[in-house]
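Undergrad: Fold the following and give me the result.
(chains A and B)
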Amino acid sequence: MPSKYDWPPAEKRSLIGKRIDRLEGSAKVTGAAHYAYDIHRPGMLVAKLLVSPHAHARVKSIDTSAAEKLPGVRAVKVISPPGTEVQWEGTEIAAVAADTEQLARDGVRALRVEYEILPHLVKEEDLNKAAGMTKPALEQTSGNPDQAFATADVVHEGYYGLPTVTHCCQEAHGQVVEWEGDKCTFYATTQALSRIGGDLAKELSAAPGFGTVKPSQVRVLCEHMGGGFGSKFGHERWGVVCAQLAKQLGKPVKLMLDRDQELLMAGARPSDFAKVKIGAKRDGSVVAWESESWSTGGPGGGGPPPLPYVFTIPNQRRRHISVATHTGPARAWRAPNHPQACLLTMCALDDLADKLGLDPLELFLKNAGLSPRGDVYRTELLKAAELMDWKAKWHPRSRLTAGPVKRGVGLSVHTWGGRGHDSDCRMMIHPDGSVQAQLASQDLGTGTRTVIGIVAAETLGLPVRAVQVQIGDTNYPPSGASGGSTTVGGVSASTRRAATKALDKLLETVAPSLGTTPDKLVAVDGRVYVAGDPSKGLTWKAACAKLSKPISELGRNPARDEGNLNDSGVGGVEMAEVEVDTETGVVAVKKMVVVQDCGLIINLKAAESQCYGAVSMAMSGALYEERIFDEATGRMLNADMEFTKTTGLADTGEVVVHMMTGMYDNRGVIGLGEPPVVSPMAAIANAVTNAIGVRVPTMPMTPDKVLATLEKGGRA
Amino acid sequence: MRKDKKGFSRRSFLQGVGVAAAAPAGARAAPPRVATVGPGPVRMALRVNGRIHSLRLEPRVTLLEALRDSLELTGAKKVCDRGACGSCTVLLDGHPVYACGVLAIEAQGKDVRTIEGLAGGGRLHPLQASFVEHDALQCGFCTPGFVMAAKAFLDKHPTPTTEEIRLGLGGNLCRCGTYLGIRQAVAEAAREMKGGRRA
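TA: Numbering: from 1, shown residues only, chains lettered A, B, ... in the order given. Predicted coordinates:
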């Protein structure tokens, strides 16, 4: 017997799975939505950071005297005292708080710092230049790769890679902090509302002379936030400094990173480069894999990507080298390690297909059984091929399209987990009929707020707008951090349980007046009535009027014995069609096809938006985006939004998104933030290769690299 | 006065241009007397969304900073602060400008329109309604700038082709990647506004 907490069957869903406008839409299009960057408090001061201009240096001295004498400067706080070894350009050296932003900048400019400059390494693609900074991080063998390669009919060897890119969230990192006595309010732009207050309290308590701060003294607020993509989980060093300055000065302080600081230190995706060897039988069965990969994520090096990706090739040997560099440290970036592993694997498979004389679609279909969800991929590959008109568009590399502008198609597959995180939801039903869902969760722009509203409204038989969704405040019950596509599964499950329990309470109250028992009652279309007899019932408002006090019920995820509401593990397929101008080297993405499953979809509109957005973001990595360093000075050359190139409106071609709705609903809700961002880079890289017949080995495929590849391949 | 001789910022450049533009370069005669203001706060008046605001601000304060920090009109966002991303787009006498690249003092005597002044009478402007309907926003941090850029674009191109929309809104960046929704939203709003339901 299904649990009453289960999702309603398809024919009974009035909101779940439909295309619903996001609840905060009006606030965001009118400028009324307030983000941390927009917070104004009475008497608020502004702080700005001085950061290291050197990639590797030791701080010798800091002279703050001139800055402290400037009008309007209220405090100077040294963050990296003399003796500190700076490991990347952008390291925080000191902060200045002043009456205005302009005066804070004057203060920063007046600081005098002497550095002892130390040797640096900022580039990792050429391992020969990385001596002393490398560390073997992995060597794994399974099966018998040597024998498998020896008996394979076809063996391909290739080199592929992608550099580090930044997160470049639209809203910079930072916060406003205000103290009232020992109570701290932290206005954050965060993916981890429920966590950072405790982390901040712990670090403040450990700081000399600050006294003990309990987590309960810190209230974190984040009503809206301007993007995170994996880079906003921390309370941050600048958050601690901001809290210390605010306490010291007895005034609210705002400290937001400047854009160059944001790109230097507030998040990057690790690079990955690999020499790959891959072997197959004549019929296309892939039998052997060998890879030597290396990557950097800054001073901590870079971990191994999950190679080979998606396909568990029976015989494999993997080696990985971690390279430490003097660059801003890596942070989780949408689907950590997956875009890298995807590119390295899918490009090698595509080249192998060419060597076998096979259409890569056939090769992928043939080997789908090597993945944990072969049937899902087979279905999706065929659907994507239909939407792309693949059979008509694909051509062997030996038969390029005519004219200087070449057309080609490419494909890639991906996977992700995405099980719902721990989440508590409090559902309140008031005697006046109003309803609130309360969670200390956050909406990154993914549509979390709307998902909560849809689930609560569906459960209570109300319109979405009848539910007040209250999030972004640690006074509500705790909910997990929004990372790894875990939010939608977590909050939808906790909300469903809380709403079901609250409704049970309401039905218990109402049943006697309708001369029935609670189990006979349903809540549908704004009414509470006897199942099968809508005339025997009350309006929602009249039903709630029978309450003598508000109902307050807590729903949790996970919850034993309260239904299986979410799951983990999805597959997706993406195909790209490109045009490459062989005279200019410019690549244009004409069409992308995304076919994705994510279990039960709560809001189809938001789900499709995730896919559209993911294609756009990943396209930047394929064609434009790279963190560029100057080897001589160790400095980042494009710490701005003009030369850190990201996809614009004009760059985006047609995108066709097909969600595998209905097929996997019984699995419950599975997250979608990461999966569709994994494949586009590999699909576009394979499409470019199909178009011009030769492979541009590393991302981004900028015109200069495309032209150099054509030249080298004798195709210019 | 700013003493840093090494630093040459966009703002110091703009500031210089703002006060010295009247002086011909390389003039042989004694330079003509030009009015200079600052350093330090000076009086200025800004007309924003039809209302005049009197302010005392340093001449180096940008229009974006004046709107956000002094008038608490925070719809226009500070993102790149270097005229690259468009998130601070406002209208100056009907023309879209990056408010981070305009000094507040230069905006005097002009009509400044911000996102806060777009909706009227408690109703969303058709562009705003269309952005919501087509989910042309995710985190929403680029949205006010995009809506204002789209407003200026449609004022100039009331019946745009798909290609005109594609190229005409290239001056704004969205990291969430809501471009497809924005394209649809602008096309739909153009149809609706042309239909005369609301100008």
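Undergrad: Indicate the residue of chain B located nearest to chain A.
TA: B:Gly75 (2.2 Å; Cβ to the nearest Cβ). The C-beta positions use only the backbone N, C-alpha and C, and glycine is treated the same way.
Undergrad: Find me the pLDDT at that residue, would you?
TA: Per-residue confidence (pLDDT) for B:Gly75: 98.
Undergrad: Skipping its backbone neighbours, what lies nearest it in space?
TA: A:Gly31 (2.2 Å; Cβ to Cβ, 6 or more residues apart in numbering or on different chains).
Undergrad: residue contacts, that neighbour?
TA: Taking Cβ atoms under 8 Å, 6 or more residues apart in numbering or on different chains, we find A:Gly31 in contact with B:73-76, B:114-116, B:144.
Undergrad: Phi first, then psi, for the residue of chain A positioned farthest from its centre.
TA: What lies farthest from the middle of chain A is A:Gly515; by Cα atoms, centre = their mean that is 51.7 Å. Here is the backbone geometry of A:Gly515 (degrees, to the nearest 10): phi 60, psi 40.
Undergrad: Tell me the spacing between it and chain B.
TA: Relative to chain B, A:Gly515 is positioned 44 Å away (Cβ to the nearest Cβ, to the nearest Å).
Undergrad: Now do that residue, the pLDDT please.
TA: The predicted local confidence for A:Gly515 is 96.
Undergrad: With the one 4 residues further on instead?
TA: In the predicted model, A:Asp519 carries a pLDDT score of 96.
Undergrad: Checking my notes, it in a strand, right?
TA: No. Applying DSSP: H, G, I helix; E, B strand; the rest coil, one finds A:Asp519 to be helix, outside a strand.
Undergrad: Residue in the stretch 151-300 of chain A with the shortest distance to chain B?
TA: Counting by Cβ to the nearest Cβ, the stretch 151-300 of chain A gets nearest to chain B through A:Gly226 (3.3 Å).
Undergrad: mind checking how far that residue is from A:Ala606?
TA: According to Cβ to Cβ, to the nearest Å, A:Gly226 stands 17 Å off from A:Ala606.
Undergrad: out of those two, which sits in the more crowded spot?
TA: A:Gly226 (28 against 24; other Cβ atoms under 10 Å in any protein chain shown).
Undergrad: Leaving aside the residues adjacent along the chain, what's closest to that one?
TA: In space, A:Gly226 is closest to A:Glu171, 2.4 Å off (Cβ to Cβ, 6+ apart).
Undergrad: what does A:Lys281 give?
TA: A:Asp153 (5.3 Å).
Undergrad: check contacts around that neighbour.
TA: The contact partners of A:Asp153, by Cβ under 8 Å, 6+ apart, come to A:280-282.
Undergrad: Closest one to A:Asp630 out of those, please.
TA: Nearest to A:Asp630 among those is A:Ala280, at 42.3 Å by Cβ to Cβ.
Undergrad: picking up where we left off before, doesn't A:Ala33 make contact with the residue nearest to A:Gly226?
TA: No. Using Cβ atoms under 8 Å, A:Glu171 is not in contact with A:Ala33; the gap is 11.1 Å.
Undergrad: More neighbours: these two, which one.
TA: A:Glu171 (29 against 24).
Undergrad: On the three-state scheme, that one is what?
TA: coil.
Undergrad: now A:Val155
TA: Assignment for A:Val155 (three-state DSSP): strand.
Undergrad: doesn't A:Lys281 make contact with it?
TA: No. Look at A:Val155 against A:Lys281 with Cβ under 8 Å: they stay out of range, at 11.1 Å.
Undergrad: Can you tell me the centre-most residue of chain B?
TA: Closest-to-mean residue, chain B, Cα atoms, centre = their mean: B:Val90 / 2.7 Å.
Undergrad: wait, it sits on B:Arg113?
TA: Yes. B:Val90 is in contact with B:Arg113 according to Cβ under 8 Å; the separation is 6.3 Å.
Undergrad: Now list whatever residues contact both of these two.
TA: Here B:Val90 and B:Arg113 have B:Met148 as joint contacts, going by Cβ under 8 Å, 6+ apart.
Undergrad: before we move on, the earlier item: going by neighbour count, which of the contacts of A:Asp153 comes out on top?
TA: For these, the largest number of neighbours (other Cβ under 10 Å) sits with A:Ala280, at 26 neighbours.
Undergrad: which one is that one nearest to, not counting chain neighbours?
TA: Using Cβ to Cβ, 6+ apart, the closest residue to A:Ala280 is A:Val286 (4.8 Å).
Undergrad: cool, B:Gly181 as well?
TA: Nearest to B:Gly181 is B:Ala136, by Cβ to Cβ, 6+ apart, at 3.6 Å.
Undergrad: Could you look up the SS state of the one you found?
TA: Secondary structure, three-state DSSP: B:Ala136 is coil.
Undergrad: who's in contact with it?
TA: Per Cβ under 8 Å, 6+ apart, neighbours of B:Ala136: B:130, B:143, B:146, B:178, B:181-182, B:184-185.
Undergrad: same thing but 6 Å
TA: B:Ala136 sits next to B:178, B:181-182, B:185 when contact means Cβ atoms under 6 Å, 6 or more residues apart in numbering or on different chains.
Undergrad: And A:Leu352, by the same measure?
TA: Per Cβ under 6 Å, 6+ apart, neighbours of A:Leu352: A:156, A:278, A:280.
Undergrad: Turn the residues you listed into a markdown table, including pLDDT and distance to A:Arg426.
TA: Listed next are the contacts of A:Leu352 as a markdown table, based on pLDDT from 0 to 100; distance: Cβ to Cβ, whole Å:
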| residue | pLDDT | distance to A:Arg426 |
| --- | --- | --- |
| A:His156 | 98 | 57 |
| A:Ile278 | 98 | 53 |
| A:Ala280 | 98 | 56 |
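Undergrad: Pick the one among those closest to A:Leu121.
TA: The closest of these, once distances to A:Leu121 are taken by Cβ to Cβ, is A:Ile278, at 30.5 Å.
Undergrad: Would you check how far apart that closest one and A:Met699 are?
TA: For A:Ile278, the distance to A:Met699 equals 19 Å [Cβ to Cβ].
Undergrad: what does B:Gln138 give?
TA: 24 Å.
Undergrad: Secondary structure class of the nearest residue to A:Asp640 once chain neighbours are set aside, three-state.
TA: In space, and not counting its chain neighbours, A:Asp640 is closest to B:Arg82: 5.7 Å by Cβ to Cβ, 6+ apart. For B:Arg82, the assignment made with three-state DSSP gives coil.
Undergrad: Low-confidence stretches in chain B?
TA: In the predicted model, chain B carries pLDDT under 70 at residues B:1-28, B:196-199.
Undergrad: Pull up the residues of it that are close to chain A.
TA: Residues of chain B that fall close to chain A, judged by Cβ under 6 Å from any Cβ of the partner chain: B:4, B:58, B:72, B:74-75, B:79-82, B:84-85, B:115-116, B:119, B:128, B:131-132, B:135, B:137-144, B:147, B:166-167, B:169-170, B:173, B:175-177, B:179-180.
Undergrad: Which ChimeraX command selects the buried ones in these?
TA: Buried subset of the residues of chain B next to chain A, written as a ChimeraX selection, criterion 16 or more other Cβ atoms under 10 Å in any protein chain shown:
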select /B:58,74,75,79,80,81,82,84,85,115,116,119,128,131,132,135,137,138,139,140,141,142,143,144,147,166,169,173,175,176,177,179,180
